[in-house]
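# When you get a sec, could you give me coordinates for this:
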Amino acid sequence: MSIFLDTGVFVAFENPRDTNHRAAMGLVEAAAEGKWGEVFTSDYVFDEAVTTALRRTRRPDAALRVGRLILGTGPLGRLTGLVYVSPELFLRSWQQFARLIGRGLSFTDCTTLELMRSLRVGELASFDADFDGFVVRRSNRPD
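Next up is the predicted model:
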């Protein structure tokens, strides 16, 4: 069993004003406790998360906390395995993006779907309903 953490989880975890903050805290705590086994995220999610945190909060410290959370250099230590989009996966993601462009998925979302497929990751922790119908999405802590 494994899970992939999406951008919104990291951003909401580090932003107490985010409407999903409490749910994100539960998801991150569950991941840290090993509830899903291996936990993954990607270099593309890293980019999107630190940029989104900075843009939403206008606070550099919030963006840095998000980055440290993902990189494992923050107070929680290593939470996720950071996987990188290879040139081959990039092209597969581009093809998927072109097919799904009307469904609301971003290019980063398509890289997430392709990484999950290639790593055989079964679930996605995300607040983004655009993933529904493509993967099993968790938006709260498991019981």
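# What segments of the protein are helices?
With DSSP state H as the criterion, the chain has helices at 7-13, 21-32, 43-57, 60-71, 87-100, 107-119.
# Kindly compare burial across those and name the winner.
Compared across the helices of the chain, helix 7-13 shows the largest average neighbour count, a mean of 27 (mean count of other Cβ atoms under 10 Å). Just so you know, the C-beta spots here come from the backbone N, C-alpha and C atoms, and that holds for glycine as well.
# elements contacting that helix?
Counting contacts by 3 or more Cβ pairs under 8 Å, 6 or more residues apart in numbering; DSSP states H and E, helix 7-13 is packed against helix 21-32, helix 43-57, helix 60-71.
# Go again with 6 Å.
If contacts are counted by 3 or more Cβ pairs under 6 Å, 6 or more residues apart in numbering; DSSP states H and E, helix 7-13 sits against helix 21-32, helix 43-57.
# what are the C-alpha coordinates of that helix, in CSV please?
Presented in CSV, the C-alpha positions along helix 7-13 are these (Å, rounded to 0.1, in the frame of the first residue of the first chain):
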residue,chain,number,x,y,z
THR,A,7,0.1,20.1,-3.7
GLY,A,8,-3.0,21.2,-1.7
VAL,A,9,-2.1,18.9,1.2
PHE,A,10,1.3,20.5,1.7
VAL,A,11,0.0,24.1,1.2
ALA,A,12,-3.0,23.6,3.6
PHE,A,13,-0.8,21.9,6.2
